[in-house]
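Enquirer: Curious how this folds, go ahead:
(one chain, ligands or ions: 1)
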Amino acid sequence: MNTTVNELEAAHTHLDRGSPRWRLKAACAGIKNPDIFFAQPRVAAHRQALALCQQCPVRRECLDDAIECGVRDGIRGGHTEDQLREIVSFREGRRVEIERVRATLTNTHRPRLTDQEKMSVVRVALDAGIPIDTWAAALGIGYSYATRRRRKATTQLDVIPASMRSEEIALAAKLRHAATTTLVVAA
Ligand code: SF4
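Expert: Residues are numbered from 1 along each chain as shown. All right, here's what the predicted structure looks like:
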């Protein structure tokens, strides 16, 4: 007997209601213990849920859906709650003028940056391989604070899908390959 969308949703309670077709292919469709997707980190059930996601053929669709719906609870698309929160807050706070980020890193002028744009400067700098001293000077911050920003940006780079960072990635590629890039060297 073919499994219907409704039957899958009845068992697949950790996913939101609605019935896109991709859910028919979900590795977690119909599992008996959906609670594993809400288990505490570092327990066996948590690892089991992540392992299931790793082999799921619709992981990308699941993650996109979670981001689109602003899901912050439970494991979705192979991402933990913390990672989902990072992605969702990135998406919600995304008001970055990429030109201002470029101007900061190339020292063409010193625009006033929002906090989101400052983090964008750090992510682009990390992507482009710009040394910490250089981008810290561009932001006018000290080494200690810069290391904290770097830690946060590294976490974001690990979890935020590239499709949400296309402008940053393109800018980083230009900075990386521009032989004559003029980067700020002093605050
Ligand atoms: S990625 Fe994980 S949570 Fe999403 S459908 Fe697949 S197994 Fe389920």
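
Enquirer: Look up how far Arg85 lies from the spatially most central residue of the chain.
Expert: The C-alpha lying nearest the average C-alpha coordinate of the chain belongs to Ile160 (Cα atoms, centre = their mean; 1.4 Å). Distance of Ile160 to Arg85, given as Cβ to Cβ, to the nearest Å: 12 Å. (C-beta placed from N, C-alpha, C; glycine too.)

Enquirer: Show me the longest helix that occurs in this protein.
Expert: Ranked by residue count under DSSP state H, the longest helix found in the chain is helix 143-159.

Enquirer: residues contacting Ala172?
Expert: Listed by Cβ atoms under 8 Å, 6 or more residues apart in numbering, the contact set of Ala172 reads 124-125, 127-128.

Enquirer: how about a cut-off of 10 Å?
Expert: The contact partners of Ala172, by Cβ atoms under 10 Å, 6 or more residues apart in numbering, come to 101, 105, 123-130, 165.

Enquirer: again, but for Ile36
Expert: Contacts for Ile36 were tallied using Cβ under 10 Å, 6+ apart; they are 14, 28, 43-52, 74-75.

Enquirer: What ranges does this structure have for its strands?
Expert: Counting by DSSP state E, the chain forms no strands at all.

Enquirer: mind giving me the domain ranges of it?
Expert: According to automatic domain parsing, the chain is divided into the following domains: 2-92, 98-186.

Enquirer: between the contacts of Ile36, which is nearest the ligand?
Expert: For the contacts of Ile36, the residue nearest the ligand by Cβ to the nearest ligand atom is Cys28; the value is 3.3 Å.

Enquirer: what's the burial count for the closest one?
Expert: Look at Cys28: counted by other Cβ atoms under 10 Å, it has 23 neighbours.

Enquirer: just the helices in this protein please.
Expert: 5-11, 44-54, 59-69, 81-92, 98-106, 115-128, 132-139, 143-159, 166-177.

Enquirer: which one of the ones you listed has the most crowded surroundings?
Expert: Per residue and on average, the most neighbours among those fall to helix 115-128, with a mean of 21 (mean count of other Cβ atoms under 10 Å).

Enquirer: what does this structure have sitting close to the ligand?
Expert: Contact residues, the chain versus the ligand (Cβ under 6 Å from any ligand atom): 26-28, 52-53, 56, 58-59, 62, 75-78.
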